[in-house]
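>>> Got a predicted structure here, sequence first:
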Number of protein chains: 2
Amino acid sequence: MSNQSPPDVSCCPSLTERRMPAEAATVLAPAFKALGDPVRLQLMSMIASAESGEICVCDLTPAFDLTGPTISHHLRTLREAGLVDAERRGTWVYYRARPAILRQLAALLTAAPAPDA
Amino acid sequence: MSNQSPPDVSCCPSLTERRMPAEAATVLAPAFKALGDPVRLQLMSMIASAESGEICVCDLTPAFDLTGPTISHHLRTLREAGLVDAERRGTWVYYRARPAILRQLAALLTAAPAPDA
């Protein structure tokens, strides 16, 4: 199972610093869009807070009143946005968060220090 | 011109801490969704980085190769998501960022400290 390369957002200062270049916005918007759904936000929190660092799809699906294919669709969206990695082992797929991309999104939303700080 | 109340996200720990409750996810997802578009991300960065703390729609629209109504639609989406405030003064509408909601989204994406930290 191939995983998406994480977006290269090392380029991008805080939103409060200056206008984001169009190219950076095109790279970053899909990650925010992927988080812009209540089920995906909950899935992302379950994956990112998994005690062992990963969680089986077999533990994610029963936590929602949704079909397996619907959960799989949401998980694929998170994976294609570079927010999670997926690994098939035997019957099940295991998901783990990509902390670097979460940190980069957080940095983007964090106010830049004042110029004289 | 009325502005939306900002989402109350003071409730919500980091995504890495525990599963996000469905109610919190429903409140927060629209803010991420609003940022999930390249033009809106650029608009948000122009508003959040405005030197005087606010920026006129008359300075936003010419920065894009898009019609005025399209820019207005994107700005309304940012406003309805609680990310910006808008104020009409005379002919023009002026936009300013809501730093609190940006801080709260950033906190959500920031890893919680380890329990023994």
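Nice, thanks for sending it over.
>>> What are the boundaries of the strands in chain A?
A:55-56, A:84-89, A:92-97 (DSSP state E).
>>> Give me the buried stretch members for the second one, please.
Right, the one you point to is strand A:84-89. A:Val84, A:Asp85, A:Ala86 (16 or more other C-beta atoms under 10 Å in any protein chain shown). No exception for glycine: its C-beta is placed from N, CA and C like everyone else's.
>>> Which strands border that strand, and is each parallel or antiparallel?
If you go by DSSP bridges, strand A:84-89 pairs up with strand A:92-97 (antiparallel).
>>> what's the distance between the residue nearest the centre of chain A and B:Gly68?
For chain A, the residue sitting closest to the mean C-alpha position, by C-alpha atoms, centre = their mean, is A:Leu83 at 2.5 Å. Distance from A:Leu83 to B:Gly68, counting by C-beta to C-beta, to the nearest Å: 34 Å.
>>> before we move on, back to that, so what's the residue nearest to the centre of chain A up against?
A:Ala31, A:Ala34, A:Leu35, A:Met44, A:Ala97, A:Arg98, A:Ile101, A:Leu102 (C-beta atoms under 8 Å, 6 or more residues apart in numbering or on different chains).
>>> Need those in TSV (columns: pLDDT).
Formatted as TSV, the contacts of A:Leu83 follow (pLDDT from 0 to 100):
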residue	pLDDT
A:Ala31	97
A:Ala34	98
A:Leu35	98
A:Met44	97
A:Ala97	96
A:Arg98	95
A:Ile101	92
A:Leu102	92
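>>> Now flag whichever of the residues you listed is closest to chain B.
Compare each of these with chain B using C-beta to the nearest C-beta and the shortest gap goes to A:Leu35, at 4.0 Å.
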